[in-house]
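Peer 1: any chance you can model this:
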Amino acid sequence: MRTEPLRMAFWPVRADIVTDNLATFSARTGIAVTPVPIEGDYAAAIEAAFASGEGPDVFYAQRGEASRWLTDGLIRPLDGLDGADAILAEHRPLIAASARADDRRIIGLTYYNAGPFALFRNEALLAAAGFGTASDEATHPRRWEEVEAMARSIRARGLSDHPILMRWYRAPTGLPWAFLADCAAEGERLVDAAWEPLLGPDTPAAMVLARWRRLVREGLAPLAALDHDDVSIDDAWCAGGHAFYPTMDYLTAAYSARAPGRFSINATYPGATGDTLLLGHAILCLSATPMPAARLSDAWRLLRFLGHRDDDGTLFVHRRWACEMNLWTPYEEIDRDEAVRAARRSFLPPGLAASALAWQDAQRTRAAAPPLVRAPGYMAWSAALARRIEHEVLKGDAPVAQVVACLREDWLRLAGSSR
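Peer 2: Reported below is the predicted structural model:
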């Protein structure tokens, strides 16, 4: 006789799909699962639940969260569980590497990845400003200087109060991710593989912060982006008043559903190198709280269903994420599936679909988790980074070189510089 249902906690990105997947699992296996969607500060809610003794059996973790929670003893590594190593052997190598800790322990199974940052375009507004069309890739900006020049023209003509919407909302996935993405595209590595800081007043990090301040000072980007959350900032973009928005590439699916034909993605992500990062890595983790063998077996079975294959050997959940949400999966066979590719093309303007899909594939294939998110102190540093950039750069007048120096010191103080 089974005990109380398993409890699975998750952030509410398409909670309807998550709960439906859980219902499918229960119907096929007879194992009851209680969905626990968490609004607001997901990391704080998970930590509070475990502190009170009410932690979930299975839960999501972004890669940075996973680093801290593994160190804090909230996550049970999957090593020794039947088939865990074989599952990771099926993953794309970079995804498999991201799912392991530095000591090679398996943190969890990949549920999905949000893909690299893309520069989203409001084609209706850009056409009104005379800046070409989605299919005219020669008109797509390659550097941020070009984006800024286009934005100044759009604003001067009264077509948009703030032509560029920035992903600066207050959350670990907001301003910190935007900073990491823009730094990577300019060739900034921030820290090395041993977690020693590389950023300094003469590295591209300073250029990124100077640009961000300029966007605010010139009215090209709204400071009000800081007051949004991940839902309301998407609402702000879909309202159609901005020309450009850098954010995760999987959102082509969500935006095409809300405003068919209005939005596309730029042919490249602006920057000196265009490098991209594996930031939105959703990992399925097992609780380290001791549980009876039967319950552990059920929880592992749930993890395999969501992060690998169902009992008939198909990648049911991953195929669904790819087809319905354009989320990247760790399995190459999913992206080779022509039905999946057709679904992904449908999220893009016809004239740009083939090249944009090729760009997404290339970026996703080479995206890697930056070393700093693997540090147990990354989350503390990213919170300090967000506060410092908001108050000293976007709202304040501190010299950018001084801010970068402080970010370097913050890293040494909060995250450590040695493995």
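
Peer 1: Arg304 contacts Gly108, doesn't it?
Peer 2: No. When contacts are counted by Cβ atoms under 8 Å, Arg304 is not listed as touching Gly108 (11.4 Å). In short, each C-beta sits where N, CA and C put it, glycine included.

Peer 1: neighbour-wise, which of those two wins?
Peer 2: A direct count of neighbours by other Cβ atoms under 10 Å for Arg304 and Gly108 places Gly108 higher, at 27 against 21.

Peer 1: how about the nearest residue to Trp69 once chain neighbours are set aside, what does it touch?
Peer 2: Spatial nearest neighbour of Trp69, chain neighbours left out: Ile75 (5.0 Å); criterion: Cβ to Cβ, 6 or more residues apart in numbering. By Cβ atoms under 8 Å, 6 or more residues apart in numbering, the contact list for Ile75 reads 61, 66, 69, 107-108, 285-288.

Peer 1: okay, and the beta partners of Ile75?
Peer 2: Ser287 (DSSP bridges).

Peer 1: what does Pro197 give?
Peer 2: Under the criterion used (DSSP bridges), Pro197 bridges to Val191.

Peer 1: please report how far the most centrally placed residue in the chain lies from Tyr112.
Peer 2: What sits nearest the mean C-alpha location of the chain, by Cα atoms, centre = their mean, is Gly280, with 2.4 Å. Relative to Tyr112, Gly280 is positioned 8 Å away (Cβ to Cβ, to the nearest Å).

Peer 1: touching, Ala61 and Cys285? I think so.
Peer 2: Yes. Here Ala61 reaches Cys285: they are 5.1 Å apart, a contact under Cβ under 8 Å.

Peer 1: which neighbours do the two share?
Peer 2: 69, 75, 107-108.

Peer 1: in strands, which of those residues appear?
Peer 2: Ile75 (DSSP state E).

Peer 1: the stretch 251-400 of the chain: strands as residue ranges?
Peer 2: Ranges of strands in the stretch 251-400 of the chain, per DSSP state E, counting those that start in this stretch, are 263-265, 281-287.

Peer 1: return the most buried member of those.
Peer 2: strand 263-265 (a mean of 27; mean count of other Cβ atoms under 10 Å).

Peer 1: what's that one packed up against?
Peer 2: strand 117-122, helix 252-258, helix 350-366 (3 or more Cβ pairs under 8 Å, 6 or more residues apart in numbering; DSSP states H and E).

Peer 1: what is the mean pLDDT for the first one?
Peer 2: The reference is to strand 117-122. Average pLDDT, strand 117-122: 94.

Peer 1: same check, this time on stretch 36-48
Peer 2: 95.

Peer 1: ok so, going back, nearest residue to the residue nearest to the centre of the chain other than its sequence neighbours?
Peer 2: Ala114 (2.7 Å).

Peer 1: can you pull the pLDDT of Pro399?
Peer 2: 97.

Peer 1: okay, now the domains of this protein?
Peer 2: Domains of the chain are assigned by automatic domain parsing as 6-114+279-344, 117-278+369-414.

Peer 1: okay if I get these as CSV plus distance to Gln360?
Peer 2: Listed next are the domains of the chain as CSV, based on distance: least, Cβ to Cβ, whole Å:
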stretch, distance to Gln360
domain 6-114+279-344, 8
domain 117-278+369-414, 6
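
Peer 1: wait, which of those is closest to Ser355?
Peer 2: Nearest to Ser355, of all these, is domain 117-278+369-414, at 6.6 Å by Cβ to Cβ.

Peer 1: distance across the closest one, terminal residue to terminal residue?
Peer 2: Its start and end residues considered, domain 117-278+369-414 measures 26 Å (Cα to Cα, to the nearest Å).

Peer 1: the residue nearest to Gly280: how many residues sit nearby?
Peer 2: The number of residues near Ala114, taken as other Cβ under 10 Å, comes to 23.

Peer 1: hang on, the earlier thing: right, so of the strands of the stretch 251-400 of the chain, which gets closest to Met150?
Peer 2: strand 263-265 (14.9 Å).

Peer 1: what ranges do the helices span in the stretch 301-419 of the chain?
Peer 2: 316-325, 332-336, 338-345, 350-366, 378-388, 400-414 (DSSP state H, counting those that start in this stretch).

Peer 1: turn those into CSV, columns for mean neighbour count and distance to Asp16.
Peer 2: Formatted as CSV, the helices of the stretch 301-419 of the chain follow (neighbours: other Cβ atoms under 10 Å; distance: least, Cβ to Cβ, whole Å):
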stretch, mean neighbour count, distance to Asp16
helix 316-325, 20, 10
helix 332-336, 14, 21
helix 338-345, 15, 18
helix 350-366, 17, 24
helix 378-388, 20, 28
helix 400-414, 18, 37
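
Peer 1: so which of those is nearest Ala101?
Peer 2: helix 378-388 (13.0 Å).

Peer 1: possible to save the contacts of Ile75 as CSV with distance to Pro141 and pLDDT?
Peer 2: Shown next, in CSV, are these (distance: Cβ to Cβ, whole Å; pLDDT from 0 to 100):
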residue, distance to Pro141, pLDDT
Ala61, 35, 97
Ala66, 35, 96
Trp69, 39, 97
Ile107, 38, 97
Gly108, 38, 97
Cys285, 39, 98
Leu286, 44, 98
Ser287, 46, 98
Ala288, 47, 97
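
Peer 1: circling back: identify, from the shared contacts of Ala61 and Cys285, the entry nearest to Leu215.
Peer 2: Of those, the one sitting nearest to Leu215 (Cβ to Cβ) turns out to be Trp69, at 34.5 Å.

Peer 1: neighbours of that closest one, just the number please.
Peer 2: 25.

Peer 1: that one against Tyr60, yeah?
Peer 2: No. When contacts are counted by Cβ under 8 Å, Trp69 is not listed as touching Tyr60 (10.8 Å).

Peer 1: between those two, which contacts overlap?
Peer 2: Contacts common to Trp69 and Tyr60, judged by Cβ under 8 Å, 6+ apart, are Cys285.

Peer 1: and Asp410, how far from Gln402?
Peer 2: 12 Å.

Peer 1: quick one: the helices in the stretch 151-300 of the chain?
Peer 2: Using DSSP H, counting those that start in this stretch, helices in the stretch 151-300 of the chain cover 175-185, 204-217, 230-238, 252-258, 293-307.

Peer 1: mean pLDDT and distance to Leu198 added to the ones you listed, as a markdown table?
Peer 2: Output for the helices of the stretch 151-300 of the chain, formatted as a markdown table (pLDDT from 0 to 100; distance: least, Cβ to Cβ, whole Å):
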| stretch | mean pLDDT | distance to Leu198 |
| --- | --- | --- |
| helix 175-185 | 96 | 10 |
| helix 204-217 | 98 | 9 |
| helix 230-238 | 95 | 29 |
| helix 252-258 | 93 | 32 |
| helix 293-307 | 97 | 33 |
